[in-house]
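Colleague: what follows is a protein structure lacking sequence information:
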Ligand code: F6R
């Protein structure tokens, strides 16, 4: 995998927004897989600024969700559908019709998961998948020991993830749903270009294990080692435990500009 160390979250957001812009210029109806949480917000803000300034035409872009809470009422402000509508679809000026996600309120959750995997395949597959990383190394909501071949399915959040996400639920861990639907690791690995952004010191251990540790389901993000074109963008704080940081810096500094990410 390629590791790019940027000075801060804003620079990471700008770099990835540039990559999305370049993809949309080659493929205007690209399918963009989007993550939620705090980390990707600088990407969405930078991309929306490019759309507003006319530098990017995102009008034909298609967007798909990575994961969703199970059991939140439809329209709950913290459902990931609501978050993506608020942070991505509206700022990019897209319509809801260009957006798909798993149905976290479905009565038959298993059927909803299978339907979502099928819908992704029928849409031609995900061109660029944005990912954050959990402090426990999860991608999507594939918690430690998720099958590296997993498909979209229901998962149970770890206590750590519920504590981490309580900030979106008035600081109350009890309000954070226990169950989620998440694209599986196998599903994520089918995307043509997964890009993981990690910022802040709290992610440094998970990043080091992902990049320099062995491939292991106990660190789900390490599955990106299997992808022929995975990119990990980290700020200085999240890179602070990488032993090969200087090598990654030198490699990126001498990379031909035409290659992009
Ligand atoms: C969210 C998701 C999660 C988050 C991760 C990091 O859609 O899939 O894997 O990316 O929990 O969250 P933040 O960015 O809030 O630290």
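Modeller: Nice, thanks for sending it over. Note that the structure is a prediction, hence the values are computed from the model and not measured. Numbering: from 1, shown residues only.
Colleague: near the ligand, which residues of the stretch 51-200 of the chain show up?
Modeller: Contacts of the stretch 51-200 of the chain with the ligand, taken as C-beta under 6 Å from any ligand atom, map to 66, 67, 80, 132, 133, 134, 138, 139, 140, 141. Heads up, the C-betas are built off the backbone N, CA and C, glycines and all.
Colleague: may I have the phi/psi pair for the second one?
Modeller: When you say that, I think you mean residue 67. phi -160, psi 170 (degrees, to the nearest 10).
Colleague: sorry, back to before: most widely separated two among the residues of the stretch 51-200 of the chain next to the ligand?
Modeller: Largest separation among these by C-beta to C-beta: 80 and 133, giving 16.4 Å.
Colleague: rewinding a little: as TSV, the residues of the stretch 51-200 of the chain next to the ligand with neighbour count and pLDDT would be great.
Modeller: Shown next, in TSV, are those (neighbours: other C-beta atoms under 10 Å; pLDDT from 0 to 100):
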residue	neighbour count	pLDDT
66	30	98
67	22	97
80	24	97
132	20	98
133	27	98
134	24	96
138	27	98
139	30	98
140	28	98
141	26	98
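Colleague: identify the residue spatially nearest to the residue of the stretch 101-250 of the chain found nearest the ligand, adjacent ones excluded.
Modeller: Using C-beta to the nearest ligand atom, the closest approach of the stretch 101-250 of the chain to the ligand is made by residue 132 at 2.3 Å. Distances taken as C-beta to C-beta, 6 or more residues apart in numbering place residue 39 nearest to residue 132, at 4.0 Å, with adjacent residues excluded.
Colleague: secondary structure element holding that neighbour?
Modeller: Using DSSP states H and E, residue 39 sits within no helix or strand.
Colleague: with the one 3 residues further on instead?
Modeller: With elements delineated by DSSP H and E, residue 42 resides in helix 41-53, which encompasses its position.
Colleague: re the thing from before, may I have the phi/psi pair for the residue nearest to residue 132?
Modeller: According to degrees, to the nearest 10, residue 39 has phi -60, psi -50.
Colleague: do the same with residue 193
Modeller: According to degrees, to the nearest 10, residue 193 has phi -150, psi 90.
Colleague: so it touches residue 260, yeah?
Modeller: No - the criterion here is C-beta atoms under 8 Å, and residue 193 misses it with residue 260 at 10.1 Å.
Colleague: settle it for me: which of the two has more neighbours?
Modeller: Neighbour comparison, residue 193 and residue 260: the larger count goes to residue 193, with 19 against 12 (by other C-beta atoms under 10 Å).
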